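J.: let me see the structure of the following:
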Amino acid sequence: MRIVKLTSESKNNILETLLKRSPNQYDEYQSAVSDILEDVKKNGDKAVFSYTKKFDGADITAQNLAVTSEEIEEAYSLVEDGLVEVMKKSIANIRSYHEKQIRNSWFDTGDDGIILGQRITPLGSVGVYVPGGKAAYPSSVLMNIIPAKVAGVERIVMTTPPGADGKVNPATLVAANLAGATEIYKAGGAQAIAALAYGTESIQKVDKIVGPGNIFVALAKKTVYGHVSIDSVAGPSEVMVLADETANPRYVAADLLSQAEHDELASAILVTTSRELAEQVSAQVEEFAAVLSRKEIICKSIENYGYILLADSMEDAIGVVNEVASEHLEILTKNPFDTMTRVKNAGAIFLGEYSCEPLGDYFAGPNHVLPTNGTAKFFSPLSVDDFIKKSSVISYSHEALEKVHEDVIHFAKAEHLTAHANSIAVRFGKEVLDENS
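T.: Modelled structure (predicted):
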């Protein structure tokens, strides 16, 4: 694994390289995505079935589009009992963590007859997209559905591409059932996003779409934003490890590769003040990569987006951490809690050598749907907040409005909005016909 001296130039080069992985850089696919969206918008189920046959090889019709209770029952019989029990434990942790995020409506009543407040209500419906293909990620099913369930969303619709046999991965189905999905459909890709955003004869539109996917899914979500809400436009996975001379090089190397195995665009970066650690981690990465099952993907990821940055000081190291704003940040320093106080930008922060990133992916409870490609500077992990909406509440008595009505009229007339001013004035036997009255 390459060791690079941290300088302003090397930092800027790395940031530029990482940003090239963003879905915003893949405009050449936008036309194809837009065509699919428009087709589904116009032709509904027919278009969804056609694309499912074309891309997934499955014969899906209105009769077998929705997953049945019998298919879910069959899925349980195909999934190892031990995995089902682990999922249940994970669900308990995820639910417990997200229940602490619940917000309550509030109202503030004054003596002058003014009531101000904020009413919080759940979204009516949410679409959860789950990738299919060779890999199944039931953990992502849990992370997307449970916060919506905790928020009180009544209709949670999951879409996922079927195999050529028209079936959905059993572990994915079990996870969806355990988490509380209310509808599951066999549809994937941009066509599934279109169905969720616009609605078809069989799939009713939703208010918001969440969940990861390939570049076509990411661009489709970006395009339908405005028709519906979305969580984010996610990029490839990434991990950054901030370490000093006290870190265990085997742990660091193992954690870097835990993200590199996701795909060839994943990034894994160590930033450290210790040359000895840098060299030990580099050697250990090579040793692990040679024997791990996804070594081809790992090697491509490390070759293109893997770095060990050698910093002159911890201050410089923390500076690049804040610039990269990684999806996952592990802090393996002598006092990780103290180091964390100087970190401003990261999706999820893992403190200490026994808090490795996969713990967050599967079990600890915090959400693993995180901001990528530097967006942790202004975005947050998926949470209960993503599945609620807030309404402002205003109630004035006659007495309260009388005290301020001249001020409101004055402000409205200053903006040349006489109808606004008149709306206030008529309540006190006055009229505003023009700005001078």
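J.: got phi/psi on Ile209?
T.: Backbone torsions of Ile209, given as degrees, to the nearest 10, read phi -120, psi 130.
J.: ok, how many other residues are close to it?
T.: 27 (other Cβ atoms under 10 Å). Where C-beta positions appear, they are placed from N, C-alpha and C, glycine not excepted.
J.: one more: Ser8?
T.: Number of residues near Ser8 (other Cβ under 10 Å) recorded here: 8.
J.: kindly report the same for Gly213.
T.: 25.
J.: then Gly306?
T.: 24.
J.: Met143 reaches Gly365, doesn't it?
T.: No. Between Met143 and Gly365 there is no contact under Cβ atoms under 8 Å: 10.0 Å.
J.: what is in contact with those two at once?
T.: Both Met143 and Gly365 are contacted by Ile94, under the criterion Cβ atoms under 8 Å, 6 or more residues apart in numbering.
J.: more neighbours: those two, which one.
T.: Taking other Cβ under 10 Å, Met143 and Gly365 do not tie; Met143 has more neighbours (30 against 19).
J.: so what touches the helix or strand containing the more buried one?
T.: Following DSSP states H and E, one finds Met143 within helix 138-151. Contacts to helix 138-151, defined as Cβ under 8 Å, 6+ apart, come from residues 87, 90-91, 94-95, 98-99, 101-102, 122-123, 126, 128, 130-131, 156, 158, 171-172, 174-176, 178-181, 210-212, 361-362, 367-369, 382-384, 386-388.
J.: out of the residues you listed, list just those in strands.
T.: The strands, defined by DSSP state E, take in Pro122, Val126, Val128, Ile156, Met158, Val210, Ile388 from the contacts of helix 138-151.
J.: most neighbours, which of the residues you listed?
T.: That'd be Val126 among the ones in strands among the contacts of helix 138-151, by other Cβ under 10 Å, with 32 neighbours.
J.: hang on, that one packs against Arg155?
T.: Yes. The criterion here is Cβ under 8 Å, and Val126 meets it with Arg155 at 7.3 Å.
J.: and for those two, which residues touch both?
T.: Jointly contacting Val126 and Arg155 under the rule Cβ under 8 Å, 6+ apart are Val206.
J.: correct me, but Ile14 touches Tyr307?
T.: Yes. The pair Ile14 and Tyr307 passes the contact test of Cβ under 8 Å, sitting 6.0 Å apart.
J.: look at these two and report which has more neighbours.
T.: Higher neighbour count among Ile14 and Tyr307: Tyr307, with 24 against 20, using other Cβ under 10 Å.
J.: assumed that one was part of a helix.
T.: No. According to DSSP: H, G, I helix; E, B strand; the rest coil, Tyr307 belongs to no helix; its state is strand.
J.: what sits closest to it if chain neighbours are left out?
T.: Take Tyr307 and drop its neighbours on the chain: the residue closest to it by Cβ to Cβ, 6 or more residues apart in numbering is Ile269, 4.8 Å away.
J.: contacting residues around the host helix or strand of that neighbour?
T.: Assigned by DSSP H and E, Ile269 belongs to strand 267-272. In this structure, residues lying in contact with strand 267-272 by Cβ under 8 Å, 6+ apart are 1, 6, 14, 18, 21, 236-244, 247, 252, 256-257, 259-260, 278, 281, 301-302, 305-311, 317, 320-321, 324, 326.
J.: give me the sheet partners of it and which way each runs.
T.: Counting by DSSP bridges, the strands paired with strand 267-272 are strand 238-243 (parallel), strand 306-310 (parallel).
J.: next SSE downstream of it?
T.: Trace forward from strand 267-272 with DSSP H and E and the next one is helix 275-289.
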